[in-house]
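A.B. asks: how does the following fold in three dimensions:
(one chain, ligands or ions: 1)
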Amino acid sequence: MQLTDTHCHLDYNKFDADREEVIQRANDAGLIRLLVPGLQHKSSKEAVTLAEKYPSVYAAVGFHPTDLEEFHQKNFDEVKALANHPKVVAIGEIGIDYYWVKEKEKQEFQREVLKQQLAFAKEVNKPVVIHMREENDAWFGEASVDLLNILEEWQKSLSGSLAEKPGVLHSFNGTLETAQKGLDLNFYIGITGPVTYKNADKKREIIAQLPLEKLLIETDSPFLSPVPVREKRNEPSYILHIADRIAEIHSKSPAEIAAITTQNAARLFAWGD
Ligand SMILES: [Zn+2]
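C.D. replies: Residues are numbered from 1 along each chain as shown. A predicted model of the protein is given here:
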């Protein structure tokens, strides 16, 4: 079985004690590629360092919407320089977060920074990894509306392969309508551990209606541990539990889901066979 984890924060200090073993366990579990997204300039640099050290690790670079305290030209330039690295396959994670950030002025700044990073992604012709979280973790609200407006305007300005494969809506937690709008803009949809939760029937109903060739599976390690390891620190090898659940939802075998999502990721991030 060949699996891909398109979203794991392996630079987090929660992996300091056993990062080597975590990556080894991932490789042993059949994970052929792992994508580590950046949260600001420092973690973007760490993601690139990990990608240089481990053959299966790739990096994305960017500023997360809740990590904008140090977003200014010098640090943005540092991230821009990293984007030329051959193992940097995307700009991310970038986006909108009205769960943690409620001040209107700061939300406005998030949107401004998102637009700047989207413009940069277009410039370097790399897809984007999009984070989106609503106030109170609602399924739909201002964050979805604002994000879709910004992504639509950006996607319409693209051409060629980036227009066809502009990015992924990571750890998707929206309505079917929002997913559909994302798909209409050619975005992929990232599925994380909550799909395995007992009370997630509504989420599973939505995922059942999404085309398999547009799904990616992600652990978001060290967060969002799936059932049955929900009490543990999450790590990429647990992606099997997410593949199992999607297999059940889409009446496929886990091996088929692994192969399809691995192909999807290879198509989006253009990282080889
Ligand atoms: Zn993340």
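A.B. asks: list the residues that contact residue 28.
C.D. replies: residue 237 (CB atoms under 8 Å, 6 or more residues apart in numbering). Any C-beta I mention is one placed from the backbone N, CA and C, and that applies to glycine too.
A.B. asks: can you give me the pLDDT of it?
C.D. replies: We have a pLDDT of 97 for residue 28.
A.B. asks: all strands for this protein, in order.
C.D. replies: For the chain, strands defined by DSSP state E occupy the ranges 3-5, 31-36, 57-61, 88-97, 128-133, 167-169, 188-191, 215-217.
A.B. asks: the longest one pairs with which strands?
C.D. replies: Based on DSSP bridges, the pairing partners of strand 88-97 within the sheet are strand 57-61 (parallel), strand 128-133 (parallel).
A.B. asks: need these in TSV (columns: mean pLDDT).
C.D. replies: Listed next are those as TSV, based on pLDDT from 0 to 100:
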stretch	mean pLDDT
strand 57-61	98
strand 128-133	98
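A.B. asks: list the contacts for the residue positioned nearest the centre of the chain?
C.D. replies: The centroid of the chain falls nearest to residue 170 when counting by CA atoms, centre = their mean (3.7 Å). Residues near residue 170 by CB under 8 Å, 6+ apart: 6-7, 37, 92-93, 95, 129-131, 190, 192, 218, 220.
A.B. asks: nearest residue to it in space, please, no chain neighbours.
C.D. replies: residue 190 (4.2 Å; CB to CB, 6 or more residues apart in numbering).
A.B. asks: the one you found is in contact with residue 216, isn't it?
C.D. replies: Yes - with contact defined as CB atoms under 8 Å, residue 190 reaches residue 216; the gap is 4.7 Å.
A.B. asks: so what sits against both of the two?
C.D. replies: With CB under 8 Å, 6+ apart as the test, residue 190 and residue 216 both reach 6, 168.
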